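1. here is my input; please provide its structure:
(2 chains)
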Amino acid sequence: MTTWEVVIGLETHAQLSTQSKIFSGAATAFGAEPNTQACAVDLGLPGVLPVINRGAVERAIRFGLAVGAHIAPRSVFARKNYFYPDLPKGYQISQFELPVVVGGGLTIQTSQGEKRVRLTRAHLEEDAGKSLHEDFVGLSGVDLNRAGTPLLEIVTEPDMRSAEEAVAYARALHALVRWIEICDGNMQEGSFRCDVNVSVRPLGQAAYGTRCEIKNLNSFRFIERAIECEVKRQIELIEDGGTVVQQTRLYDPDRDETRSMRSKEDAMDYRYFPDPDLPPLCIDDSWIDRVRGNLPELPEARRTRYQDTLGLGQYDAALLTASREAGDYFEAVRAAAAGVDAKLCANWVNGELAAALNRADLEVTHSLVSPAQLGTLLQRLADGTVSGKIAKELFEILWTEGGDVDAIIDARGLRQISDSGALQAVLEQLLAENPAQVAEYRGGKEKVFGFFVGKAMKVTGGKANPAQLNELLKTLLAG
Amino acid sequence: MSAPTPAQDKALALPDRGLRSLTQALAQREISAVDLAGAFLQRLEAAQPTLNSCITLDRERSLQEAAAADALLGGSEDAKAAARAAATTAAGPGGQGALPGGLIGALAGIPVLHKDIFCAEGWRTTCGSRMLENFVAPYDAGVISRFKAAGTVSLGRANMDEFAMGSTNEHSFFGAVRNPWDLQRVPGGSSGGSAAAVAAGLAPAATGTDTGGSIRQPAAWCGVSGIKPTYGRVSRFGMIAFASSLDQGGAFARSADDLALLLDVMAGHDTRDSTSVLRQDGAFSASLGQDVRGLRVGVPKEWFGTGLGAGVGAAVQTALDQLQALGCELVAVTLPASAQAIPAYYVIAPAEASSNLSRFDGVRFGHRAAEYHDLNELYERSRGEGFGAEVKRRILIGSYVLSHGYYDAYYLQAQKVRRLIADDFARAFAGCDLIAGPVTPGSAFALGSNSSDPTAMYLADIYTIPVNLAGLPAMSVPAGFDQGLPVGLQLVAPWWQEGRLLQVAHAYQRATDWHQRRPPAFSGAAA
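-> Numbering: from 1, shown residues only, chains lettered A, B, ... in the order given. This is a model prediction of the structure:
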């Protein structure tokens, strides 16, 4: 039996979050009435010319810096020529030989640990319009609202070896483009979509197998399923004595299979050449420096800081840097909880808060408990004002009813009982009421201790300071 | 057609005056813009069956524009506001290239015939093609906006070779244009309608475009003055593209003096064209009077070889002698790479054209075949019917040279040659202030003489094409006759030195009267 190695590379189209299109002043907003957001340039009317959107270039630079890539001081727009009704000019303006971003890489986390995925390049290009085949009988419609929308196509080296790695990469990239605010990451609306190149080879073989490209995957689950299906198809094909033919394929989620769209023989000759309407894109160092100066702390730097400086574990650090919003929430909690251990903050953000968000199906930015509330709550927990159990109740109150932490504590009498006199009275009474258990304990059955703790908590409504309770109880039981 | 009114009679007597003089007559209300436009329209309409210089004449629309010009001349605030708005539009969004205040209304009432390649709101723009037989653009080209801001009146749309591809104007879907000097000959192309109309006195000025000689060659063959500015000087926005890296808008008129006034208006930055350049070079019309003595005129030896016709050669030599007599110093220069200019051009221009013309697919605008059964047939039939033979030939050549496996051998190689040609000029201009020579090897072809041999037509562009490949400014000025047909003198200046071109051409025209000669059949029209 041959052991097969899977080789995967991704090409991702991230729609850049500019207000206007990459070569025209028309708006890019999603969901407008067909053909209401297409100006003369987008329609490719005679005589109109493209003008590069500076905001799109700036976002490409931002991305390049965030992945440690080289920003080309001179890159060139080229025309990719082919005929299609949703391609108004008969060519797409893209970058071919000289892209704006070269190299760089992204670190991913999988069950196998950490891995670096190298990027080949990232280039700017315009999106095409949409052909609508379903809405008409015997006709096709063309909506050019999307034509000219700015895209950054991000291409990896064939560095991934499993669907898990490919998904981890796609997730990390998705988080990054949102983190640096160059793309809204909305996969339903097509703002972030992946083409996956898959091949297999016998483990140990140096040469790559023949690859197939699966186009336009717009969910992480589809990426995973498409790869699993395609790998299975290729291995079965080879083991049955067949050979893989280079193809472009589509993933059909309903049937959970990939199927051929076109083969290499049908591949079009795009007759690329530099677009004479656009001079080379020149980016000087001062522009790059300005963009660098405006970059937020990046996920990898933040993760390292959380682990090395704050002492968080790898798991907590990874969760808190899965999105910029999660980390920003954590940072805000820390700011509101001065002096509170970072680990406690992380536990609550990744624990109580994450669970509540999950139950309510909310993003952290829409959390019903604000970072300031949670920060104050953790302060009250840390300084002993409330017990851990009460803190959880308090969190629930904040989540469902809102309000001021201290006011709730006072109004509902949630303050922890740390008055040893009061506690002692409670415990003495308990001991008096349960002589049999006292005798058991004194006879060496130490687990009866928990019985008294539970009783004491019940009587005090959970407000007893646990440490104090333990200490007093030990003394009293010792007789 | 009604008989001319006394006012029109008066206007008809005026056209042979230059633009300065016409502007003055209009400003002093000696004539109205409506009468002047009416007079020229009458001539254009009368000559249309003979010369076919126009694709579209729309008397009503032209006279509306003339009435607006009269309002501007009369100081109407609305008309001024409209002119200022056009000036702002011409600069593009956020642009700094708006027409200077002094030029707003500067040519108010001057009639101009526009090559049918400049999109103009409300005017049908066909580019000489069946493909755009019914196309009306919803915007003005940058050039049109600038002329609007200056207050000119559009006389109509000049005939041209389809999509500006051709040197004879026989490749127009709307029929060939005839040369007013000899109706059995071509006017040259692609801006043949513009050149013929100005030569016959049907318009005092006309716009054109020059990709490989399309202004200079018809100017030479029709005996008028024509200028192709430096690439990037005039906005290409709204000018239907043939070969984007070579196309440049320019003008035809009776004299260098007139061209300077036109270029003052046409030149300027437009943010809607990324290849347009923001420069402050001042008014070209101001540099005309400057002394030409001591200027070094480079004479490229390659342009006076065996290919040059004897009659044209003699006329050009006489013109060079005249420049020397004016105090210029003639110096020999060499442009060795020019020999490769035609093959390089016929790779680059069709390559760009094949891509530029892809948008004409019958889907959104332009000609669509009446019958088709699937998408490919829609494309094939629409394009097959919409484009003429010369356009198809160039699309095929262009698609071929860009194809996988041929790109390096053709397109890349041609770009290298292009660089060598530009380097040649740069080296030559180190030793001279401008270059002078012939525009074409011979005078106007007989109609139909090249129909079976397109390469003969291509080869006639040998002196004009290198200039486009280098992006330089150049002119054609009338410089005599070859067996009764006009001959042009080509002047080429370093990049951005249109002022020097116009200065030398003006000095030459003050010393000669070639530019004042009229075709005999049309000299009566000038009354």
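
2. and A:Ile223, what element?
-> helix A:220-239 (DSSP states H and E).

3. and if you look at B:Phe252?
-> strand B:249-253.

4. packing partners for that strand?
-> helix B:192-199, strand B:205-209, strand B:225-228, helix B:256-266 (3 or more C-beta pairs under 8 Å, 6 or more residues apart in numbering or on different chains; DSSP states H and E). Heads up, the C-betas are built off the backbone N, CA and C, glycines and all.

5. tell me the secondary structure for B:Ala444?
-> Here B:Ala444 is recorded as coil under DSSP: H, G, I helix; E, B strand; the rest coil.

6. starting at the chain centroid, how far to stretch A:245-263?
-> Here stretch A:245-263 is found 27 Å from its chain centre; the criterion is C-alpha atoms, centre = their mean, to the nearest Å.

7. for that stretch, give the mean pLDDT please.
-> Mean pLDDT, stretch A:245-263: 91.

8. coming back round to it: could I get the helices and strands packed on strand B:249-253 as TSV with distance to A:Gln95?
-> Converted to TSV, these look like this (distance: least, C-beta to C-beta, whole Å):
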stretch	distance to A:Gln95
helix B:192-199	38
strand B:205-209	29
strand B:225-228	32
helix B:256-266	33
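
9. residues contacting the strand holding B:Phe252, please?
-> B:19, B:118, B:143, B:191, B:194-195, B:198, B:204-210, B:215, B:218-219, B:224-229, B:234-236, B:239, B:259, B:262-263, B:266 (C-beta atoms under 8 Å, 6 or more residues apart in numbering or on different chains).

10. same question, stretch A:2-13
-> Applying C-beta under 8 Å, 6+ apart, the contact partners of stretch A:2-13 are A:127, A:151-163, A:165-166, A:169-170, A:173, A:192-205, A:208-209, A:211, A:227, A:231, A:235, A:239.

11. need the phi and psi values for the closest residue to chain B within chain A.
-> Closest residue of chain A to chain B, C-beta to the nearest C-beta: A:Gly90 (2.4 Å). Recorded main-chain torsions at A:Gly90 are phi 80, psi 10, according to degrees, to the nearest 10.

12. so it touches B:Ser358, yeah?
-> Yes: A:Gly90 lies in contact with B:Ser358 (C-beta atoms under 8 Å); the separation is 2.4 Å.

13. now the common contact residues for the two.
-> Common neighbours of A:Gly90 and B:Ser358 (C-beta under 8 Å, 6+ apart) are A:81, A:83.

14. list the contacts of residue 235.
-> By default, I'm working from chain A. Counting by C-beta under 8 Å, 6+ apart, A:Ile235 makes contact with A:4, A:200.

15. switch to chain B, that's the one I care about
-> Neighbouring residues of B:Ser235 by C-beta under 8 Å, 6+ apart: B:90, B:92, B:141-143, B:146, B:249, B:268-270, B:272-273, B:276.

16. against B:Arg293, how distant is it?
-> 35 Å (C-beta to C-beta, to the nearest Å).

17. and stretch A:471-479, what's its mean pLDDT?
-> Rounded mean pLDDT across stretch A:471-479 is 84.

18. and the closest residue to B:Glu371 other than its chain neighbours, what element?
-> Leaving aside its sequence neighbours, B:Glu371 sits nearest to B:Arg381 (C-beta to C-beta, 6 or more residues apart in numbering or on different chains; 7.2 Å). Following DSSP H and E, one finds B:Arg381 within helix B:375-386.

19. how far away is the closest residue to B:Gly471 other than its chain neighbours from chain A?
-> Nearest residue to B:Gly471, sequence neighbours excluded (C-beta to C-beta, 6+ apart): B:Tyr231, at 3.5 Å. Distance from B:Tyr231 to chain A, counting by C-beta to the nearest C-beta, to the nearest Å: 10 Å.

20. good, we can wrap up now.
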